[in-house]
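[1] Please work out how this folds:
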Amino acid sequence: NVLLMNDGAVVGRCAAARRIFGEPGVTMAELSPVLREAVYGTRYRTFYSAEAYIGLEKDFMVKAHLLVPKNHENLIYNWLLNFQYLNKTYIDMYRDSRPLPDGDIFMFADPDWTSPEFPLGLAFFDPLHNCAAVLGMRYFGELKKGTLTLAWGTAVRNGFASCHGGLKRYNLKNGKSFVSAVFGLSGSGKSTLTHARHGGKYDITVLHDDAFIINVKEKYAIALEPSYFDKVQDYPMGCEDNKFIISLQNCGVTRGEDGLLYPVTEDLRNGNGRAIKSKLWSPVRVDRIDEPINAVFWLMKDLSLPPVIRLKGPDLAAVMGATLATKRTTAERLAPGIDPNALVIECYANPFRTYPLSMDYERFRTLFEDGVDCYILNTGDFMGKKVTPADTLGIIEAIIEERARFVPFGPFSDMETMELERFPIDFSDEKYRREFFARFRDRLAYVKSRETEKAGIDRLPPEAEAALRKALDEIGYPVQD
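    Next up, the predicted model:
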């Protein structure tokens, strides 16, 4: 038996409710009274506390503490299923783990809190002190990603690249291996690609499909959580994968002929139905991979991009991750007036950053400068044609087997692509040239806007802008300031 919790109208995370101390416009003079009052209002209520570890290997472990009110036991239950609960094995590992100068993570949650000033709720983060308050927000994903937000920030401050994506190792013949990382928002295919077994063609080892870190100097990777918080839209009733579900959120339910209750998946009830799946879902799961990463794949949904592009040069590779273009997903609870179908930029597919964007840029640039290959995989549509999972998996197989034949991508000196029969590329087509130009111009505008947005906290080095300008010059549409 598993527990199913449905959250009413709320079925996704709400970025508009996030306030990060240290960012322009976020002042403790305004928020401290709000937080103090929220805590004061709980003085006659019963709360439950829980502890868990974030990071599953002794080179990176952070202890996290959560406080949740009575009648919301399911939230704390899911949090303990999602992260590593304390047992002798991990208590001993934590005792012997690498000391970090940062303190433990402390999270206070009250889903019953309301305020006319914060109609969507308030998710407050103080990354300097590893503290957070999640108020008026009942969706479990707020606690999961809120905890990871502080853990990722801790990792960056200690020499790691923080990764919202999936990492796996292909164990090839002759003792060779190929380690790949895919980065994308929920619904981009990162979980599908991470867990894909390619019809049994390869011996595969999975690190994680959502949250991990890479040591930039030594190149090893560590998973941050044991289980998987997975969308159920691609897993029909009766699917073998559903046997590994240990908790459900926002799914329908039906009674079978045997009188038992069964979850109705595939998002028939609402968007973003979710399940926590056991660590055992991946039969070849590990918590650390020491082999240096070979390739990074940015997963995008940009109709101007062919199914695959290989990027040459660390600055172009890093800035394309910083301007990762995709579509919003059902995992997000959008503020009124936000177009859910608009193409958006989500830097490194990580909307949970509490530190300057340049830190991610420099971390990933270092990886590429040290020889990690970089590719863009378009998992959406290319000029009206759908790129299927089979297309994407075929491209990845060709790359890891070293039989992919890359050719120049149009006029660009730092980009190459594969010739795919279903997806012809015609740079003589003025309509396509202008579409490609428009999307790259959007990227340039985004990078330039970081110089002033939020008082320039996310300003990127000049090399990032230069890499984009070079591409625009080569296509024949230089952008004038």
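[2] what is the mean pLDDT for stretch 87-107?
    Stretch 87-107 shows a mean pLDDT of 98.
[3] Equivalent analysis for stretch 201-210, please.
    96.
[4] So what touches it?
    With C-beta atoms under 8 Å, 6 or more residues apart in numbering as the test, stretch 201-210 has contacts from 164-172, 190-191, 194-195, 197-198, 221-225, 228-230, 282, 284-289, 397, 400. Just so you know, the C-beta spots here come from the backbone N, C-alpha and C atoms, and that holds for glycine as well.
[5] now swap in stretch 373-392 and tell me
    Taking C-beta under 8 Å, 6+ apart as the rule, stretch 373-392 contacts 182, 184, 188-189, 192-193, 196, 294-311, 317, 320-321, 326-327, 368, 395-396, 399, 420, 422-423, 432, 435.
[6] where along the stretch 101-250 of the chain do the strands fall?
    In the stretch 101-250 of the chain, the segments counted as strands under DSSP state E, counting those that start in this stretch are 105-110, 122-126, 131-135, 160-171, 177-183, 203-208, 211-215, 221-223, 228-231, 245-249.
[7] can I get those strands in TSV with distance to residue 363 and mean neighbour count?
    Converted to TSV, those look like this (distance: least, C-beta to C-beta, whole Å; neighbours: other C-beta atoms under 10 Å):
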stretch	distance to residue 363	mean neighbour count
strand 105-110	21	22
strand 122-126	20	23
strand 131-135	23	24
strand 160-171	4	24
strand 177-183	13	22
strand 203-208	17	21
strand 211-215	8	26
strand 221-223	13	25
strand 228-231	24	24
strand 245-249	32	21
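[8] Let me know whether my guess that residue 303 is in a strand holds.
    No: Residue 303 sits outside any strand when classified using DSSP: H, G, I helix; E, B strand; the rest coil, being coil.
[9] how many neighbours does it have?
    Counted with other C-beta atoms under 10 Å, residues neighbouring residue 303 total 19.
[10] Surely it touches residue 436?
    No: judged on C-beta atoms under 8 Å, residue 303 makes no contact with residue 436 at a distance of 9.8 Å.
[11] Mind listing what's buried along stretch 73-90?
    Neighbour-count burial for stretch 73-90 flags 74, 75, 76, 77, 78, 79, 81, 82, 83, 84, 90 (criterion: 16 or more other C-beta atoms under 10 Å).
[12] just checking, which of those residues belong to strands?
    residue 84 (DSSP state E).
[13] hey, what's residue 108 bridged with?
    Beta-bridge partners recorded for residue 108 (DSSP bridges): residue 67, residue 133.
[14] out of the buried residues of stretch 73-90, which one sits closest to residue 107?
    Proximity of these to residue 107 (C-beta to C-beta) peaks at residue 79, which lies at 8.8 Å.
[15] ok, now how distant is the closest one from residue 105?
    Remark: distance between residue 79 and residue 105 (C-beta to C-beta, to the nearest Å) = 12 Å.
[16] do the same with residue 214
    20 Å.
[17] repeat for residue 111
    On the measure of C-beta to C-beta, residue 111 and residue 105 end up 19 Å apart.
[18] distance of residue 231 from residue 111?
    22 Å.
[19] Next, the contact list for the closest residue to residue 170 other than its chain neighbours, please.
    Spatially, and ignoring its direct neighbours in sequence, residue 170 is nearest to residue 178 (4.3 Å; C-beta to C-beta, 6 or more residues apart in numbering). Contact analysis of residue 178 by C-beta under 8 Å, 6+ apart lists 169, 170, 172, 294, 295, 400.
[20] Likewise for residue 440?
    Residue 440 neighbours (C-beta under 8 Å, 6+ apart): 468, 471, 472, 475.
[21] so it, which of the three states?
    helix.
[22] In terms of pLDDT, where does it sit?
    According to the prediction, residue 440 has pLDDT 92.
[23] contacting residues around stretch 92-108?
    By C-beta under 8 Å, 6+ apart, the residues outside stretch 92-108 that reach it are 38-39, 53-55, 57-67, 129-134, 143, 146-147, 150-151, 154, 157-158.
[24] Which members of these occur in helices, if any?
    Judged by DSSP state H, the contacts of stretch 92-108 include 38, 39, 143, 146, 147, 150, 151, 154 as members of helices.
[25] I'd like to know which of those residues are buried.
    Applying 16+ other C-beta under 10 Å to the ones in helices among the contacts of stretch 92-108 flags 38, 143, 146, 147, 150, 151, 154 as buried.
[26] which residue is nearest the centroid of the chain?
    Nearest residue to the geometric centre of the chain (C-alpha atoms, centre = their mean): residue 164, 3.0 Å.
[27] wait, what's in contact with it?
    Residue 164 neighbours (C-beta under 8 Å, 6+ apart): 152, 183, 210, 211, 348, 349, 350, 352.
[28] Let me have those residues in CSV, extended by distance to residue 246.
    Formatted as CSV, those follow (distance: C-beta to C-beta, whole Å):
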residue, distance to residue 246
152, 24
183, 26
210, 16
211, 17
348, 29
349, 26
350, 26
352, 24
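[29] Nearest to residue 253 among these?
    Closest approach between those and residue 253, by C-beta to C-beta: residue 210, at 25.4 Å.
[30] how close does that closest one get to residue 203?
    23 Å.
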